[in-house]
Every structure is written in C-alpha cells, then in structure tokens.
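Participant: Need the 3D shape of this:
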Amino acid sequence: MPRKFPENSIYNLIYTVGYPLLRTFLGFRVTGVESFPKAGGVIVAVNHAANYDPVLVGLACPRQLAFLAKIELFRNPVLRALFHRIGAIPLHRGAADSGALRAAVDVLKAGRPLLLFPEGTRSKTGELQKGRRGVGMLAVRSGVPILPAYLSGSFHMLRNIFNRRVFIHFGSPIDTGRYLSPRISVKELYRRIGDDTMARIKELKNANHG
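Facilitator: Below you'll find the model as predicted:
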C-alpha cells in the first residue's frame, strides 16, 4: 500500500493499519471524495454519532485533517503527545474557547483542512441534530468553503461488528461567501450557515440511504 501521508509518520501509520481493517471488517466505503479540495483551507463538516468518528473521517479523507478535541483528553500524557503529533487542537467545552477558535482559524488560513462537527456534540440517538453557529463563524472568519459529509454506520458500530457497514459520503463544497450581506446580523449569518450545512448533510443521507 502506498504511503498516504508521508509528511506525518504517525498519521500515516494509523492510515496504513486502520484503513484495510475497516474495509475488511466493516465494509468501509467512501464516495464523493473527488469533491475534496486538493489544496487550501476547508472545513470538513460531518454529523457526529460516536467517539471514534474523527478516526473514521480522517481515514476517509485524502488530506491530513486538523481537529478539535476536548481538553480532558490532553491530560493523559500519552494521548497528549499523540494528539499534538496528529494536529489536534485542545478545546474547553461548555464555554466559548477563544484560544481554540483562533487556533482553528489559523489552521484554515494556513491552507489546511479542519474537521468540524456542526451539531456541536455527539448525537445520543444517531439521528441528525440541529446545526450550531460555530461552523458558520469559522467559515466566515477564515474565508474558506465548507465540505459537507454524511457518516453512516458509526452509531453502535462495535456491536455485532461483522454485520456493520460504514459509509462516508462527501458532497460539493459550500461557498460561504454567498451568505455575506449587510442586511443580516452576524448571529443570523452564522445560524443560517449552520442550518444550511446540516440541510446538505441530510440531503447526502437521503440520497444514499433513503
């Protein structure tokens, strides 16, 4: 298997080991990857149903992702070293973490992809939730597009593992510049982008799973 991420040995190791295992045991499939921008910053916006969703999305993407991770995970020295190595940004949950948001904007402006769950938290039922304003805020502040994606099969993935099928479907990028208007407030702008992002993810779900 060719090296997918030669610039990052840890990320590459995770891919080299994890991707074949997922394809073999979970029927892991990816569609629409041709829509993934080959260069430049982009927010990869995906629904969130399981703790291991970042790993699944990372293995599906053709470029290395940065992502936000709760600060509690960084208290373990082994995880902290690993997360720093693969580009995780520590996030204090439950309050506006301006430092994490600035770091995320910097990543995007530097031309790197950032994984973001627009629902803001993991779904307890596996069903899609309402989008929050964070995805709109990051897109507007960084000036990058949003790439919607629907992840299917991760909810309770490890139960009856041999009958599970995991799919990731990428849609077309959303140009958030078209939302900019002096006639709406900043909060309304962010809310509208969050709602539309989740609507696009729902369209991907319906188109691929009915």
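Participant: make it CA atoms for all contacts and neighbour counts henceforth
Facilitator: Noted.
Participant: Which parts of this structure are helices?
Facilitator: 9-26, 53-60, 77-86, 98-109, 134-142, 186-209 (DSSP state H).
Participant: Show me the one of those helices that comes nearest residue 33.
Facilitator: Of all those, it is helix 53-60 that lies closest to residue 33, at 8.1 Å by Cα to Cα.
Participant: Residue 33 and residue 173 touch, don't they?
Facilitator: No - look at residue 33 against residue 173 with Cα atoms under 8 Å: they stay out of range, at 11.2 Å.
Participant: quick one: contacts of the longest strand anywhere in the chain?
Facilitator: As assigned by DSSP state E, the longest strand anywhere in the chain is strand 146-152. Residues outside strand 146-152 that contact it (Cα atoms under 8 Å, 6 or more residues apart in numbering): 36, 42-48, 57, 139, 165-176, 197-198, 200-202, 204-205.
Participant: List buried members of those by neighbour count.
Facilitator: Listed as buried from the contacts of strand 146-152 are 36, 42-48, 57, 139, 165-174, 176, 197-198, 200-202, 204-205; burial here means 16 or more other Cα atoms under 10 Å.
Participant: ok, back up a step: between the helices of the chain, which one is nearest to residue 115?
Facilitator: Of the helices of the chain, nearest to residue 115 by Cα to Cα is helix 53-60, at 7.6 Å.
Participant: what inclination does that closest one have with respect to helix 9-26?
Facilitator: 90 degrees (axes from the mean of the first three to the mean of the last three Cα atoms, to 10 degrees).
Participant: name the helices or strands packed onto helix 53-60?
Facilitator: helix 9-26 (3 or more Cα pairs under 8 Å, 6 or more residues apart in numbering; DSSP states H and E).
Participant: What average pLDDT does the helix it packs on get?
Facilitator: Regarding helix 9-26, the rounded mean pLDDT is 78.
Participant: Give me the buried stretch members for that helix, please.
Facilitator: Within helix 9-26, the residues that count as buried by 16+ other Cα under 10 Å are 11, 12, 15, 16, 19, 22, 26.
Participant: Check stretch 84-94 too.
Facilitator: For stretch 84-94, the neighbour count (16+ other Cα under 10 Å) marks 86, 87, 88, 89, 90, 91 as buried.
Participant: Not counting its own residues, what contacts that stretch?
Facilitator: With Cα under 8 Å, 6+ apart, stretch 84-94 has contacts from 8, 10-11, 65-71, 74, 83, 97, 100, 103-104.
Participant: likewise stretch 131-140?
Facilitator: Residues from elsewhere that reach stretch 131-140 (Cα under 8 Å, 6+ apart): 43, 45, 101, 104-105, 116-120, 145-146, 176-177, 187, 189-195, 197-198.
Participant: and the residue nearest the centre of the chain, what does it touch?
Facilitator: Geometric centre of the chain, nearest residue: residue 115, 3.0 Å, by Cα atoms, centre = their mean. By Cα under 8 Å, 6+ apart, the contact set of residue 115 is 43, 44, 45, 46, 54, 65, 66, 67, 68.
Participant: now the last one: how far from residue 125?
Facilitator: In this structure, residue 68 lies at 22 Å from residue 125, with Cα to Cα, to the nearest Å as the measure.
Participant: Kindly report the same for the fifth one.
Facilitator: Taking Cα to Cα as the criterion, residue 54 is separated from residue 125 by 18 Å.
Participant: which one of those two has more residues nearby?
Facilitator: Per other Cα atoms under 10 Å, whichever of residue 54 and residue 125 has more neighbours is residue 54, with 20 against 10.
Participant: Many thanks, I have nothing further to ask.
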